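Asks: Just a sequence and a predicted model for now, questions to come.
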Amino acid sequence: SSSSGDEIDFYAQKASGNMGLSSTKLNKNINSYDLIKVSSVKIDDYFESLDEKISIIKIDVQGGEMAVLESAILTVCKYRPVIIFEYEEEYFQTDADKKLARENIVKYFNSLNYKLFSINPDLSFYPELSLDSYYHGDILAVPSVWNMDGNEVNNDFKVAIILPCLAFGGAERVALTLAK
């Protein structure tokens with residue numbers, strides 16, 4: 001939603017082994033559902049009054065990625081977090097909608113000087129992602145780093161970044177190798 005407090009539809013899936021398929025966007029994975037009206041909160045509004053640095057944003061919203069990203073524009077600009085999100089074209093009805101969704105994601109991240117990488121568990125690195133054709137999977141969005149002269153850093157073929165490991169709530173760190 002474009003503003004906090006808007007009431008939006010939420011399709012709460014019934015009797016499913018995967019309640020994570022419930023969504024604000026009715027889709028083919030939701031067979032039987034309860035339609036619930038929920039109040040929305042923009043990410044920017046939620047974190048505005050908190051004195052916490054936002055390092056990572058994880059998004060899994062079955063086709064509503066742009067709404068979430070747009071609700072977080074000030075937070076993303078201020079903190080430059082790493083953003084991990086699932087993207088599945090199957091949640092868009094027409095080829096034109098699918099293309100527009102990909103273009104909007106690329107435009108959003110390009111405007112913020114982020115690079116997109118495909119998270120593929122079968123690879124030992126994360127290849128850079130253009131989203132110029134069909135895509136289904138997890139995406140890692142990493143902010144470009146700039147030096148004091150205004151030049152981009154980390155422009156080599158391979159870049160290693162360090163992220164806090166979220167598994168098991170530990171403070172361990174994991175190095176990710178990114179490739180162009």
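Replies: Right, received. Where do you want to start?
Asks: so what's residue 48 up against?
Replies: residue 74 (CB atoms under 8 Å, 6 or more residues apart in numbering). Using the backbone N, CA and C atoms, a C-beta is placed for each residue, glycine as well.
Asks: And for residue 136?
Replies: 87, 88, 89, 90.
Asks: and the second one, how many neighbours does it have?
Replies: When you say that, I think you mean residue 88. As a burial measure, residue 88 scores 17 neighbours (other CB atoms under 10 Å).
Asks: Ignoring the adjacent residues along the chain, who's closest to it?
Replies: residue 136 (5.1 Å; CB to CB, 6 or more residues apart in numbering).
Asks: go on, the third one?
Replies: The shortest distance from residue 89 to any residue that is not its chain neighbour, by CB to CB, 6+ apart, is 4.7 Å, and that residue is residue 98.
Asks: From residue 118, how far out is the one you found?
Replies: For residue 98, the distance to residue 118 equals 17 Å [CB to CB, to the nearest Å].
Asks: What of residue 6?
Replies: Counting by CB to CB - residue 6 and residue 118 are separated by 33 Å.
Asks: Mind listing the residues bridging to residue 86?
Replies: With DSSP bridges as the criterion, residue 86 is bridged to residue 138.
Asks: from what I can see it touches residue 137, true?
Replies: Yes: look at residue 86 against residue 137 with CB atoms under 8 Å: they come within range, at 7.4 Å.
Asks: and the two? which has more neighbours close in?
Replies: Neighbour comparison, residue 86 and residue 137: the larger count goes to residue 86, with 16 against 12 (by other CB under 10 Å).
Asks: so what's the more buried one up against?
Replies: 59, 60, 137, 138, 139.
Asks: What is the burial count for the nearest residue to residue 37 once chain neighbours are set aside?
Replies: Leaving aside its sequence neighbours, residue 37 sits nearest to residue 7 (CB to CB, 6+ apart; 4.9 Å). If you count neighbours by other CB under 10 Å, residue 7 ends up with 10.
Asks: bridging residues for residue 7?
Replies: residue 39.
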